[in-house]
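*Asks:* Just a sequence and a predicted model for now, questions to come.
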Amino acid sequence: MAKTAEIFTLGQKAPDFTLPASNGKEVSLHDFRGKYVVLYFYPKDNTPGCTTEACSFRDYHEEFKGLNAVILGVSPDPMKSHEKFIEKYQLPFLLLSDEDHKVAEAYGVWKLKKMYGKEYMGIERSTFIIDPEGNIIQIYRKVKVKGHVEAALEFIKNHIQESSNQ
């Protein structure tokens, strides 16, 4: 997948991709046409912020499902790590393995990061909400975990309401 510009325009088509998923299959974004997709990128399984975020998506999973929305979590972790993460926290949605970070690059979330004075490349926590036609309708970058899942859920509710009022 070619490196794509970091700046997306709301309403543009989301870059399609195919990645190995925690259901043992390869999953493509276009498989979810007809549904809202909450595509969230996170740095690493079993770390404090990522665990809090995943568990929050888990806790609101039924509400998203009721809005015709699927949740897809993406990190560079291998499938074995995802399987343990899902089992430990009973995550009811798919986690996708982007080990070569090509999808993260395509979405502009593979960034130079700093921790304890060291620089390294990694995922900048980000969420993209994609409508049933495959268009990006909301982008959250540099996500702060607290309140984020609720904001994404509220955005979809409002979008559905606005769409039905037109």
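*Replies:* Yep, that arrived. Numbering: from 1, shown residues only.

*Asks:* What is the neighbour count of Ala54?
*Replies:* 26 (other CB atoms under 10 Å). Glycine gets a C-beta too; all of them are placed from N, C-alpha and C.

*Asks:* thought it was touching His82?
*Replies:* No - Ala54 is beyond contact range of His82, at 10.3 Å (criterion: CB atoms under 8 Å).

*Asks:* quick one: contacts for Phe64?
*Replies:* For Phe64, the contacting residues are 36, 38, 57, 70-71, 153, 156, by CB atoms under 8 Å, 6 or more residues apart in numbering.

*Asks:* Alpha carbons only: can I get the helix or strand of the chain with the lowest mean pLDDT in CSV?
*Replies:* Least confident helix or strand of the chain, by mean pLDDT, DSSP states H and E, is strand 110-115 with a mean of 86. Provided in CSV are the C-alpha atoms of strand 110-115 (Å, rounded to 0.1, in the frame of the first residue of the first chain):
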residue,chain,number,x,y,z
TRP,A,110,2.6,6.0,11.9
LYS,A,111,4.6,8.8,13.5
LEU,A,112,7.9,9.7,15.1
LYS,A,113,7.3,9.5,18.9
LYS,A,114,9.4,10.3,21.9
MET,A,115,9.4,8.6,25.3
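
*Asks:* to the chain's geometric centre, what's the distance from that strand?
*Replies:* 18 Å (CA atoms, centre = their mean, to the nearest Å).

*Asks:* could you say what helices and strands that strand packs with?
*Replies:* strand 118-123 (3 or more CB pairs under 8 Å, 6 or more residues apart in numbering; DSSP states H and E).

*Asks:* Rounded mean pLDDT for the next helix-or-strand element following the strand it packs on, please.
*Replies:* Beyond strand 118-123 on the C-terminal side, the first helix or strand identified by DSSP states H and E is strand 126-130. Summarised as a single mean, pLDDT over strand 126-130 is 97.

*Asks:* Sheet-wise, list the partners of strand 126-130 with their directions.
*Replies:* strand 36-41 (antiparallel), strand 136-140 (antiparallel) (DSSP bridges).

*Asks:* Can you spell out which helices and strands pack onto whatever helix or strand comes next after the longest one?
*Replies:* Under the assignment DSSP H and E, the closest C-terminal helix or strand after strand 36-41 is helix 48-59. Helix 48-59 makes packing contacts with strand 36-41, strand 69-75, helix 79-89, helix 148-164 when contacts are defined by 3+ CB pairs under 8 Å, 6+ apart.

*Asks:* quick one: average pLDDT of the helix or strand following helix 48-59?
*Replies:* Using DSSP H and E, the helix or strand that follows helix 48-59 towards the C-terminus is helix 61-66. The average pLDDT within helix 61-66 is 97.
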